[in-house]
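# got a predicted structure here, sequence first:
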Amino acid sequence: MTAQAAPAQGLLTGVPHVVNVGVDAFAGPPRAAGATVTAVDWRPPASGDPELGAGLARLVAHPAVEAANAAALERILGVVPLWTDVRPAGELIPELAQERLLLHAGPPIEWQRMCGPMRAAVVGAVLLEGWAATAPEAQALADAGAIRFAPCHHHDAVGPMAGVISASMPLLVVEDEATGLRAYSNLNEGQGRCLRYGALGDDVMERLRWMGERLGPALRAAIGSLAEPVNLRSVTAQALQMGDECHSRNTAASALLTRELSAALARHTDLGGIEALDFLRDNNYWFLNFSMAASKLALLAGHGVQHSTVVTAFARNGVDVGIRVSGLGDAWFTAPAAPVDGLYFAGYGPADANPDIGDSAITEMHGLGGFALAAAPAIVGFVGGTPKGARRVSQEMATLTVGRHRDYRLPGLDFVGSPVGLDIRKVVDTGLEPVITTGIAHREPGIGQIGAGLTHAPMRCFTDALSAVDVPPEPGE
Amino acid sequence: MVLRNAVHKDLYADSVALMRVAARLAEPPGVETISLVMGTPANRDVLARSGLLTTPGHDAGPNDLLVAVRGEPDAVDTALALVVDALSGPGEGPGAGPEAGADTGPPVRSLAGAPAGASLALISTPGPYAASEALKALRLGMHAFVFSDHVPIEQEMLLKREAARRGLLVMGPDCGTAVIGGIPLGFANEVRAGCVGLVGASGTGLQQVSSLLHSMGAGVSHVIGTGSRDVSAEVGGPTMRAGLDALAADPATKVIVLVSKPPAPHVADQLLQHAGLLGKPVVACFLGTDGTAPDPSGVTLAPTLLEAARSAASLAVGGALPPGEELTELPAPAPPRRLLRALYAGGTFAHEAALLLGPALGDITRTAPPPVPGAAPHLPDRHLVLDLGDDEFTAGRPHPMIDPTVRTEYLRAALADPRSAAVVLDVVIGHGAAPDPAAALAGALAEAPLDAPPVIAFVVGTDDDPQGLTAQQRILRDAGAYVVDSSTTAARMCAELLSSGGDLMLTPAAPGSASAASASASASRIGETA
């Protein structure tokens, strides 16, 4: 023991501000004596694993981690997501055109383990690409191992629900001029029977073909004729003031985006501009995929900062959920997909529901969705019914993040910025599982959406990720 | 089973509100399926495919609310009648959710979530988590008071190294008490503000000395607990040294008192040397250290807790030492009553008593067979000085300062034992202690046999404590106990009563601090220095 320790600096000079951790009764006497006392609503961190808890303690307020997270947050907030283009996926991600490759939502998963809705979406994509003529043939192709699968995230793309992307599907392109980074998402099919929810049928296929042949080109022409690309950050910021959280509710943002495009689309009637307007008018979820691509772009920028504990991807494939962490490379930290607590369409219930699925939780990692619930009074039914409850969720999520967004502001919380930069240290320390707003797919292939609700990112993703973090050396150690 | 549709013209509701109402209206028995949607073509289509659309529904427009219900006729009619009210009713309004009430922020769930101004963490989690919480506190720039015990010694050493490196103080683990700038932490007494600063590895010892200082008219600046293991050979006394330095630098502290059960000898030497160089007078009560060595310069060695308080009070207030306590002479015990039964809640008091009584009584046992549930405790055929706060008596139950049950059982056994010649009890009051500890003991005393042995009790605390010193003393006195003012006095009184022959000389533990007292002197003053 070194003897040159400075004498307990500051302890005896004033009235201490006490933080009580443990027995509640100990908070009373110091408070009664005039001290400020903060009572911690404590429970064993790290799911009660003392060893992991000790590792966590060594990372708390670690200067290298704090600096890395500040840098990651700055990169995330620095991105300006500009919607620049719509092109066939095969042109943007060449592997899709070169081989029988399909992208899917969530962490990696092989065909044999895929859930019902994702298998249905694979069948639909195979039919769309003409690799098979019937659903049984498509299935046989997959069974034979003739299709390679990869997560959308491995190609800088994101897809809601099943998230299946094939070569001929149009992708929207979002770019950040400063970094040159790009991210992609497919285009939203609308409500009702959709491939992303695992619905199959002629109606679904017909719309997908129309999206590739008419909607994509019309949008491409429209965006190309605008004076400048659409700034999705400004659309998102406005929509948060209009009752959206830009994950499960995109009504305002979709309208704003349609308004941006309407004149340009109307000028391209030959390419399908009017059909596109008809389609957009009816699609309240249209902006979701833009919100996701913009979020992916921002988190892409925040990924790869050494020692950073900020989550840069959270995605679900309907069987597993997984996170990626800025300082932990390409590894996925996974856990079984959680059930969704939600409201169901007539005739359906929890027994019909597939576990949590889709890349859309990337929006939460960007401060939207469950993290911005305070902005969306119309969907607070998912959290127990009151705007107060929604505000509480946003406040709780803010205790898990490194910072707040400068542009995304929450009217329900006096316009404070939405919480951004989910920190695995804080998740593991508090035991709070991040809140996700999400749709619910039927567990059987071919049926589609049956409800929407709330779920939580499982703690195990975060404890496993934390176990993989090395404690950086500190000066003086 | 019927299927009915209803259309409410120009009644718009958000889809989530509609789904919530649908879920609620589907609950009563007899309702099989209910769907509430706006009548857009897409929604009508969905209903049609589900077999829920009937004629009125076909005519619904996008701005109309379309309700479809299938079930028993009465239940369907009831549900249809409730739709509009349900949409505007309290279920959809404010206050419906579980969070109805004050709109406060979320609770702080971790130390890292504490406000930036926090300066001191008070940690009382289960042992396996305590060191991690303390480490977090240090990393966040907070001092730590660690009440938790069962923290491995390697973790304690790691914490204290980290604290030293950061210039912070870790009190504990297993730290019972502290008072920082008048703010009590853990078990602590309401003592007058003053200029005596205390550092100690003994919680009840610090409570005893600080309370005695209060009763002697002196006051305390700060009380810094170190945890019982701090002065062990392995740990080496880092917190006690840091506490000494902090008090030396503190303008409010004029006199410093060190209190501890016996430190490892080389640790005691180092600490006393360090204390002698602080430039402020230090009174050190290291119970059980060799009392024959001369006082190191600048340090007054006190052999007992009472002596420590008297010396410090004299230094703080100036002038002569406050008087020691006058002893009450007790009638000599009649055979076969010859054994001491000292039943302490405070471990330091047991230690002090064993030291003071050892020379007078000789063979003293510090252990008893652990209590067997449902049976009266077994008392040994020897003098007994018991620390009932020890682990073997507290397994699975709170410390006797909080829960008197086990001690009360021992007290009943001691009172009923024909070999008992005297019973000693401590009552510790203050923050953290039981709301009325004397009452539990008084109950057992009241039931004692008429020829029960004398009970000598002392109360540790002040009249400013929630339980009140005088009130607790009165309860014990009314129950027939001899109430004395300190642990030291209680032990000396027993020595006088039980030492054979009545002419035994009590050994002064340190030169110049305690005079000899004779058992035959009915009005002798204990511990008075010339």
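Received, thanks.
# if I look at the residue of chain B most remote from its centre, how far off is chain A?
In chain B, counting by Cα atoms, centre = their mean, B:Thr55 sits farthest out from the average C-alpha position, at 73.1 Å. Using Cβ to the nearest Cβ, to the nearest Å, B:Thr55 is found at 18 Å from chain A. Glycine gets a C-beta too; all of them are placed from N, C-alpha and C.
# is it true that that residue touches B:Asn5?
Yes. Using Cβ atoms under 8 Å, B:Thr55 is in contact with B:Asn5, at 7.3 Å.
# how about low-confidence regions in chain A?
Within chain A, the segments meeting pLDDT under 70 span A:1-7, A:382-385, A:476-477.
# center of it, which residue is that?
Central residue of chain A (Cα atoms, centre = their mean): A:Ile362, at 1.6 Å.
# how close does the residue in the stretch 401-530 of chain B that chain A sits nearest to get to B:Ala345?
Residue of the stretch 401-530 of chain B nearest chain A, by Cβ to the nearest Cβ: B:His431 (4.0 Å). Distance, B:His431 to B:Ala345, using Cβ to Cβ, to the nearest Å: 15 Å.
# which of those two has more residues huddled nearby?
Legend: neighbour count by other Cβ atoms under 10 Å in any protein chain shown for B:His431 and B:Ala345, higher for B:Ala345 (27 against 24).
# next, count neighbours for the nearest residue to B:Gly127 once chain neighbours are set aside.
Spatial nearest neighbour of B:Gly127, chain neighbours left out: B:His150 (3.2 Å); criterion: Cβ to Cβ, 6 or more residues apart in numbering or on different chains. The burial count assigned to B:His150 is 11, neighbours taken as other Cβ under 10 Å.
# okay, and the beta partners of A:Phe314?
A:Ile323 (DSSP bridges).
# right, and it touches A:Ile323 too?
Yes. In this structure, A:Phe314 is within contact of A:Ile323 by Cβ under 8 Å, at 5.0 Å.
# quick one: list the elements packing against the helix or strand where B:Ala471 lies.
In this assignment (DSSP states H and E), B:Ala471 forms part of helix B:469-478. Under the contact criterion of 3 or more Cβ pairs under 8 Å, 6 or more residues apart in numbering or on different chains; DSSP states H and E, helix B:469-478 touches strand B:420-428, helix B:437-446, strand B:455-460, strand B:482-484.
# ok, now with 10 Å
Packed against helix B:469-478, as judged by 3 or more Cβ pairs under 10 Å, 6 or more residues apart in numbering or on different chains; DSSP states H and E, are the following elements: helix B:203-215, strand B:420-428, helix B:437-446, strand B:455-460, strand B:482-484.
# what's the burial count for the residue nearest to B:Gly432 when sequence neighbours are not counted?
In space, and not counting its chain neighbours, B:Gly432 is closest to B:Phe187: 3.8 Å by Cβ to Cβ, 6+ apart. For B:Phe187, the count of nearby residues is 28 (other Cβ under 10 Å).
# measure B:Phe187 to B:His431 for me?
Distance from B:Phe187 to B:His431, counting by Cβ to Cβ: 6 Å.
# what touches both of these two?
Jointly contacting B:Phe187 and B:His431 under the rule Cβ atoms under 10 Å, 6 or more residues apart in numbering or on different chains are A:26, A:29, B:177.
# quick one: which of those has the most company?
For the shared contacts of B:Phe187 and B:His431, neighbours tallied by other Cβ under 10 Å; top is B:Thr177, 29 neighbours.
# go ahead and confirm that one touches B:Gly203.
Yes. At 4.5 Å, B:Thr177 counts as touching B:Gly203 under the criterion of Cβ atoms under 10 Å.
# residues shared between the contacts of these two?
B:147, B:186-188, B:223, B:225, B:428, B:432.
# ranges for the strands of the stretch 201-350 of chain B?
B:220-225, B:255-260, B:282-286, B:299-301, B:339-344 (DSSP state E, counting those that start in this stretch).
# ah, wrong one, I meant the stretch 251-400 of chain A
Under DSSP E, counting those that start in this stretch, the stretch 251-400 of chain A gives strands at A:311-317, A:320-325, A:333-336, A:341-344, A:357-358.
# is there proximity between the fourth one and chain B?
What that stands for is strand A:341-344. Yes. Contact of strand A:341-344 with chain B (Cβ under 10 Å from any Cβ of the partner chain) involves A:342-344.
# mind putting those in a markdown table, neighbour count included?
Formatted as a markdown table, the residues of strand A:341-344 next to chain B follow (neighbours: other Cβ atoms under 10 Å in any protein chain shown):
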| residue | neighbour count |
| --- | --- |
| A:Gly342 | 22 |
| A:Leu343 | 19 |
| A:Tyr344 | 20 |
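# got the contact list for A:Leu432?
A:396-397, A:399-400, A:426, A:456-457, A:459, A:462, B:106, B:109-110.
# ranking those by neighbours, who comes first?
A:Phe462 (31 neighbours).
# so what's the residue lying closest to B:Gly105 once chain neighbours are set aside up against?
Closest residue in space to B:Gly105, ignoring its immediate chain neighbours: A:Gln395 at 5.4 Å, by Cβ to Cβ, 6+ apart. Counting by Cβ under 10 Å, 6+ apart, A:Gln395 makes contact with A:373-374, A:410, A:412-413, A:416, A:419, B:103-106.
# now swap in B:Ala442 and tell me
B:427, B:436, B:457, B:472, B:474-481.
# at 7 Å instead, please
B:475-476, B:479 (Cβ atoms under 7 Å, 6 or more residues apart in numbering or on different chains).
# cool, and A:Leu171?
Neighbouring residues of A:Leu171 by Cβ under 7 Å, 6+ apart: A:86-87, A:89, A:92, A:157, A:184-186.
# and those, which two are furthest apart?
Maximum pairwise distance in the contacts of A:Leu171, criterion Cβ to Cβ, is 13.4 Å, between A:Val86 and A:Ala157.
# quick one: which of the two has more around it?
The neighbour comparison of A:Val86 against A:Ala157 (other Cβ under 10 Å) goes to A:Ala157, with 28 against 22.
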